[in-house]
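>>> Structure for this input, please:
(one chain, ligands or ions: 1)
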Amino acid sequence: MNSDLEPIHTAIYTNSDSRKRDFAHDLLQGRIPDALGFLMGKKGGYFSDARLAAFIEAEARYEHSGMGDAGEQSLKTRSTGERKRALLDFLLKQKPDFIVLDDPFDNLDRAFQEELRQRLLDLSESVTLIQLVNRAADVLPCMQAFARLDGGKLVEFPDYKPVTESQDNIKKLSIPPAPSGAPELPAPPGAPELPARDNPLVIMRDVRVEFSGKTAVTGISWEIKPGDFWELRGPNGSGKTTLISLITGDSPKAYGQDLHLFGRAKGSGESVWEIKEHIGYFTPAMMDRFRGYHSLENMLISGLTDSIGLYIRPTENQQSLARQWLELLGLERSAGELLRNQSYGTQRLIFCARAMIKHPPLLILDEPTAGLDDHAARLVTQLIVKMARESDTAIVFVSHREEPGLQADKLLELLPGPKGSSGKISMRSPG
Ligand SMILES: Nc1ncnc2c1ncn2[C@@H]1O[C@H](COP(=O)(O)OP(=O)(O)OP(=O)(O)O)[C@@H](O)[C@H]1O
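Numbering: from 1, shown residues only. The predicted model follows:
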């Protein structure tokens with residue numbers, strides 16, 4: 001073991017199959033691979049979303065996370081950026097020799113990403129950094145050695161170079177058709193007579209939401225029309241999830257607002273399920289809650305029946321549609337394989353396609369590329385753009401990361417202010 005080696009900052013590329021958490025745990029427990037022998041006998045800290053989640057859970061159980069001083073603002077009420085800042089402060093108090101950074105920029109807005117990047121660069125003068133990373137753009141410029149983590153093993157140290165261009169693409173086939181018999185949407189009351197396909201799907205006027213006396217968003221007016229392609233953007237804590245939950249029927253704060261959803265005034269007796277019928281939705285948290293004992297084909301068909309997994313016998317038409325989607329994704333040979341046996345990137349593609357298969361009037365994708373490596377993110381991006389261009393479905397996506405090729409036509413930006421976030425709408429020119 002080369003424990004006399006000079007410590008070097010090391011970037012380790014991972015993907016969903018790398019077993020990175022086990023690897024990080026081993027490093028922190030002193031089970032060090034030869035290549036990183038310089039960490040032997042050294043004290044480490046772990047900067048990760050999993051570590052933060054453990055502190056938040058401790059706080060829920062014992063009323064104190066154990067991270068900061070008693071009486072500090074609770075972690076649960078802080079934004080993602082503030083939580084990560086607090087975790088780094090906590091780790092530094094332990095005076096570590098090295099820190100394992102587990103995708104440190106995930107889920108951070110652009111301003112917090114920049115703040116953290118600068119802090120880590122300053123820190124690299126005194127602490128060894130081991131960065132586990134799935135996006136090439138995230139690699140800190142202070143890194144001196146590079147490797148890849150493959151099934152828990154470190155390979156190609158110290159000169160690994162990620163392959164930037166891969167041949168895999170979403171197939172040049174068209175988006176499969178909508179299932180037959182999709183319901184037509186009624187016009188909102190008082191709306192001018194328009195062909196059904198031109199009725200706005202969502203109308204918000206001067207919406208304001210507060211939590212415990214604190215205003216989260218204020219004066220938001222937003223209209224989503226059929227076929228629109230929107231990005232909803234804003235820093236951590238600016239109210240993106242709050243606005244989305246008004247539309248998906250998941251927030252009691254929607255009552256009493258000037259809000260029309262799919263042709264009906266909110267609060268006019270509609271059920272949550274009637275609203276959800278018109279929406280396809282994806283957020284990465286859905287994947288965590290799901291065990292994946294269904295075939296890829298049945299997962300897609302379940303998007304037609306609004307269940308996760310399939311519990312009824314599918315019709316031939318449903319099976320045929322699912323196969324067309326699998327072909328588009330280049331997965332036709334895996335139709336009968338279990339979701340849980342696929343890579344994380346493939347699972348993500350299936351979940352996104354599942355939200356699209358019924359051609360819902362409105363598709364909401366909340367951080368669809370979060371946690372993916374470059375290759376998987378590119379495929380998901382291609383799929384979203386294709387759906388936007390080739391279907392009548394309106395799309396709203398949220399992404400903290402600038403994804404190459406993913407540019408919506410319209411942008412709603414939430415701008416935080418002392419009295420809550422206001423909204424700014426802008427149109428993007430094509431091209
Ligand atoms: N149930 C709740 N109770 C109290 N405060 C809440 C609740 N939900 C949201 N908030 C607060 O409302 C504000 C907006 O939160 P929201 O989750 O909508 O932001 P966001 O833009 O989605 O953030 P992120 O990018 O971190 O996901 C934050 O200050 C948050 O703490």
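>>> now the helix or strand of the chain with the lowest mean pLDDT, how far from the centre of its chain.
Lowest on mean pLDDT, DSSP states H and E among the helices and strands of the chain sits helix 285-288, with a mean of 79. Taking the mean of its C-alpha atoms, helix 285-288 sits 10 Å from the chain's own mean (C-alpha atoms, centre = their mean, to the nearest Å).
>>> Which positions in it come out as buried?
Within helix 285-288, the residues that count as buried by 16 or more other C-beta atoms under 10 Å are M287. In short, each C-beta sits where N, CA and C put it, glycine included.
>>> and it, C-alpha only, in CSV?
C-alpha atoms of helix 285-288 as CSV (Å, rounded to 0.1, in the frame of the first residue of the first chain):
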residue,chain,number,x,y,z
ALA,A,285,-38.3,10.8,-6.5
MET,A,286,-40.9,8.5,-8.2
MET,A,287,-38.1,6.1,-9.0
ASP,A,288,-37.0,5.8,-5.4
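>>> who does whatever helix or strand comes next after it touch, helix- and strand-wise?
As assigned by DSSP states H and E, the chain's next helix or strand after helix 285-288 is helix 296-305. Applying 3 or more C-beta pairs under 8 Å, 6 or more residues apart in numbering; DSSP states H and E, we find helix 296-305 packed against helix 316-328, helix 344-356.
>>> and the residue nearest to G417 when sequence neighbours are not counted, what pLDDT?
Closest residue to G417 apart from its sequence neighbours, by C-beta to C-beta, 6 or more residues apart in numbering: T218 at 8.0 Å. pLDDT recorded at T218 is 97.
>>> Show me which helix runs longest in this structure.
Longest helix in the chain by number of residues (criterion: DSSP state H): helix 374-390.
>>> mind checking how far that one is from the chain centre?
14 Å.
>>> ok so, going back, just so I know, which of the helices and strands packed on helix 296-305 lies nearest the ligand?
Nearest to the ligand among the helices and strands packed on helix 296-305 is helix 344-356 (18.3 Å), distances taken as C-beta to the nearest ligand atom.
>>> Now do the closest one, average pLDDT.
Summarised as a single mean, pLDDT over helix 344-356 is 93.
>>> now check the least confident helix or strand of the chain, is it near the ligand?
No - for helix 285-288 and the ligand, the contact criterion (C-beta under 6 Å from any ligand atom) is not met; the two come no nearer than 10.8 Å.
>>> who does the longest helix of the chain touch, helix- and strand-wise?
helix 344-356, strand 394-398.
>>> which residues touch it?
By C-beta atoms under 8 Å, 6 or more residues apart in numbering, the residues outside helix 374-390 that reach it are 15-16, 134-136, 162, 164, 166, 168-170, 174-175, 229, 329, 343-346, 348-349, 352-353, 356, 363, 365, 368-369, 372, 393, 395, 397, 403-406, 408.
>>> Write out the residues of the stretch 51-200 of the chain neighbouring the ligand.
Counting by C-beta under 6 Å from any ligand atom, the stretch 51-200 of the chain sits next to the ligand at T77, S79, T80.
>>> quick one, what contacts the residue lying closest to the second one once chain neighbours are set aside?
When you say that, I think you mean S79. Excluding its sequence neighbours, the residue lying closest to S79 (C-beta to C-beta, 6+ apart) is G237, at 3.5 Å. G237 makes contacts with S79, T80, G81, E82, P416, as judged by C-beta under 8 Å, 6+ apart.
>>> Let's see stretch 9-20 as PDB, backbone CA atoms only.
Output of stretch 9-20 as PDB, limited to C-alpha atoms (Å, rounded to 0.1, in the frame of the first residue of the first chain):
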ATOM      1  CA  HIS A   9      -7.100  15.400  -5.800                       C
ATOM      2  CA  THR A  10      -8.900  12.700  -7.700                       C
ATOM      3  CA  ALA A  11     -12.000  12.800  -9.800                       C
ATOM      4  CA  ILE A  12     -13.700   9.400 -10.100                       C
ATOM      5  CA  TYR A  13     -16.400   9.100 -12.900                       C
ATOM      6  CA  THR A  14     -19.400   7.000 -11.900                       C
ATOM      7  CA  ASN A  15     -22.600   5.900 -13.400                       C
ATOM      8  CA  SER A  16     -25.600   4.300 -11.900                       C
ATOM      9  CA  ASP A  17     -24.000   0.900 -11.900                       C
ATOM     10  CA  SER A  18     -20.800   2.000 -10.200                       C
ATOM     11  CA  ARG A  19     -21.800   1.200  -6.500                       C
ATOM     12  CA  LYS A  20     -20.500   4.600  -5.500                       C
END
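>>> Pull the residues that contact it.
23, 36, 102-103, 124, 128-134, 136, 139-140, 142-152, 154, 157-158, 160, 162, 343-345, 371-373, 375-376.
>>> quick one: what helix or strand has the residue nearest to G417 in it?
Assigned by DSSP H and E, T218 belongs to strand 214-224.
>>> neighbours of S126, just the number please.
Using other C-beta atoms under 10 Å, S126 has 9 neighbouring residues.
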